[in-house]
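Undergrad: A structural model of the following input is requested.
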Amino acid sequence: MTELPENKPIKILLVEDNPGDVRLIVESLRESRVIASMVVAKDGVEALEILQSPPSYEGEPRPDLILLDLNLPRMDGREFLEVIKNSPEFKHIPVVILTISSAKDDIVRAYKHHVDCFITKPVDPGQFINILEAIDNFQFSIEQGEDING
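TA: Predicted coordinates:
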C-alpha cells in the first residue's frame, strides 16, 4: 500500500460560468489553508469533457471533488449532476453544490441525486474561505473513512 503525502493537494473541478465567482473562489482558496489544484469548466458539457478526457485534467483520471453551480449555460448543473450520479464511472466523486439558488426544489432534487452538500453562495467574500476550509475538512473525512473501511 502506497503512503499518501499528508498535505496532498485535493483536485477540484469547479463548474462555474460566472468569472467573478470563479475569481472569488480561486482567491479564497489561496487565502485558505486548503491545499488544492483547480480546473474550471464553464458549463456541464465542458465539465463532462474534462471528466471523460483525463489528459485534459493534468493527466489525472478524476477530480477528488466537484464544486458545481446549478445555473449554467448549455447543460446546467441539475442536468450535469443527474448524468454523473447515474454513471458508474463518476457517481462516487463527491459533489458540492455551490449556487445562488436556495429554492427548495433545487435542494430536494440535488439530494435525490446524491449530492454530498448544498451550499448557497455567500454574499461576503470572507465567508468563501470558511466554506472552502469546511469542504477541505469534509474531503479529509471522506479520505479517512475510505482508509478505515478500505
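Undergrad: Pull out the buried residues from stretch 94-106.
TA: With burial defined by 16 or more other Cβ atoms under 10 Å, the residues of stretch 94-106 counted as buried are 94-99, 101, 106. Quick note: C-beta positions are derived from backbone N, CA and C, even for glycine.
Undergrad: Run through who's touching it.
TA: For stretch 94-106, the surrounding residues in contact (Cβ atoms under 8 Å, 6 or more residues apart in numbering) are 16, 25, 64-71, 77-78, 81, 84-85, 110, 114-121, 131, 135, 138-139, 142.
Undergrad: Just the buried ones out of these, please.
TA: Among the contacts of stretch 94-106, those buried by neighbour count (16+ other Cβ under 10 Å) are 16, 25, 64-70, 77-78, 81, 84-85, 110, 115-119, 121, 131, 135, 139.
Undergrad: Among these, name the ones in helices.
TA: In this view, the buried ones among the contacts of stretch 94-106 that belong to helices under DSSP state H are 25, 77-78, 81, 84-85, 110, 131, 135, 139.
Undergrad: and of those residues, the nearest to Ala41?
TA: Proximity of these to Ala41 (Cβ to Cβ) peaks at Gly77, which lies at 10.7 Å.
Undergrad: Apart from its chain neighbours, what residue comes closest to the closest one?
TA: Leu70 (3.8 Å; Cβ to Cβ, 6 or more residues apart in numbering).
Undergrad: Quick check: the gap between that neighbour and Ile119.
TA: Taking Cβ to Cβ, to the nearest Å as the criterion, Leu70 is separated from Ile119 by 11 Å.
Undergrad: shouldn't Phe118 be in contact with Tyr111?
TA: Yes: here Phe118 reaches Tyr111: they are 7.0 Å apart, a contact under Cβ atoms under 8 Å.
Undergrad: low-scoring stretches of the chain, by residue?
TA: 1-7, 54-61, 123, 125-126, 133, 135-150 (pLDDT under 70).
Undergrad: And the strands in it?
TA: When assigned using DSSP state E, the strands of the chain occupy the ranges 10-15, 36-41, 65-68, 95-99, 117-120.
Undergrad: Can you lay out those as TSV showing distance to Ser53?
TA: Below are the strands of the chain laid out as TSV (distance: least, Cβ to Cβ, whole Å):
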stretch	distance to Ser53
strand 10-15	12
strand 36-41	11
strand 65-68	15
strand 95-99	19
strand 117-120	26
